[in-house]
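> can you look at this prediction? I've put the sequence above it.
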Amino acid sequence: MLNSEEVIRIAREVGFDACGIARADALTDEEYPLREWLDKGWHAELSYMERNVDKRMDPRLLMQGARSVICCVSTYPPPSSTGGVAAYARTREYHKVIKQMLFTMTERLGINGKLCCDTVPISDKHWAARAGLGFIGRHTLLVTPEWGTWVNLGEIVTTEECSEYSESSKHSDFCATCRRCVAACPNHAIAPDGPPMIDVRRCTAYYTTHHQREIPSDIDNAGYTQGCDLCQLACPFNQK
Ligand code: SF4
Ligand code: SF4
């Protein structure tokens, strides 16, 4: 059994800003409305999202006998202005760095684990929320109390039991009386009600990050050439 305090200490020592541990279990539909989003066709041509849906919902299908999901947060600087290249797109190499940090953690802990950062079908933000590191905002991103949305995520899925598990975040009510991100989106891409969801067909980032395809004439890219920060900049948790 892993000592949870030691896991979190080692995560910080290898360079992560925060770490939480969730019990490997199924994400409920309520937490992760993936099927509803797919049914609506809001994923556009992101066909990879149609694959491995079951694994995305349950890490025990990703790794036989998985008991724990160790979730790690690495922060990056917020943008100093709007337009151009979005903040997250300026940290392009982050997945290599995070994977190396996760690998170092497994070595220090003496465990085998599945290292997840971008290429593995697991919903990192939902697991981070389960691990108590923040909540899923209406703009669909993980909001951490300390650093807002300016974070990258990585996970270790492991068969090891941990001595203590984090509580799921109870902060999601913060969105109840706020629609700032909805109002800030020039393309009305963010669902104003219901589970957090984005119609990527209306999102600038879909055209400039995932596809590098021509932006339709009815999409306002607000000066962004790669990604878009507008809904994040509007979020009160990013005002600190
Ligand atoms: S990234 Fe930009 S276009 Fe996409 S939902 Fe947010 S504000 Fe709208
Ligand atoms: S801007 Fe408001 S509604 Fe949107 S994610 Fe932030 S707190 Fe929630």
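On my side now, so go ahead. Residues are numbered from 1 along each chain as shown. Ligands and ions are numbered 1, 2, ... in the order given.
> where does the residue nearest the centre of the chain land in three-state SS?
The centre of the chain sits closest to Lys125, judged by Cα atoms, centre = their mean, with a distance of 3.0 Å. Recorded secondary structure, Lys125: helix (DSSP: H, G, I helix; E, B strand; the rest coil).
> quickly note the distance from it to Gly113.
From Lys125 across to Gly113, the span is 19 Å (Cβ to Cβ, to the nearest Å). Quick note: C-beta positions are derived from backbone N, CA and C, even for glycine.
> what distance do you get for whatever residue of the chain ends up closest to ligand 2 to Asp173?
Closest approach between the chain and ligand 2, counting by Cβ to the nearest ligand atom: Gly137, at 2.6 Å. Look at Gly137 and Asp173: by Cβ to Cβ, they are 12 Å apart.
> what's the answer for Gly110, then?
40 Å.
> same deal with Arg56?
Taking Cβ to Cβ, one finds Arg56 at 25 Å from Asp173.
> of the two, who's got more company?
Arg56 (19 against 8; other Cβ atoms under 10 Å).
> pull the number of nearby residues for the spatially closest residue to that one that is not a sequence neighbour.
With Cβ to Cβ, 6 or more residues apart in numbering as the measure, Pro121 is the residue that lies nearest to Arg56, at 4.9 Å, once sequence neighbours are left out. For Pro121, the count of nearby residues is 17 (other Cβ under 10 Å).
> need the contact list for Pro121.
The contact partners of Pro121, taken as Cβ atoms under 8 Å, 6 or more residues apart in numbering, are 51-52, 55-56, 62.
> quick check: phi and psi on Asn152?
Main-chain torsions, Asn152, degrees, to the nearest 10: phi -110, psi 160.
> hmm, it is touching Tyr88, no?
Yes - between Asn152 and Tyr88 a contact is recorded at 7.4 Å, counting by Cβ atoms under 8 Å.
> packing partners of the helix ranked longest in the chain?
Longest helix in the chain by number of residues, with DSSP state H as the criterion: helix 94-109. Applying 3 or more Cβ pairs under 8 Å, 6 or more residues apart in numbering; DSSP states H and E, one finds that helix 94-109 contacts helix 4-13, strand 68-75, strand 114-116, strand 151-158.
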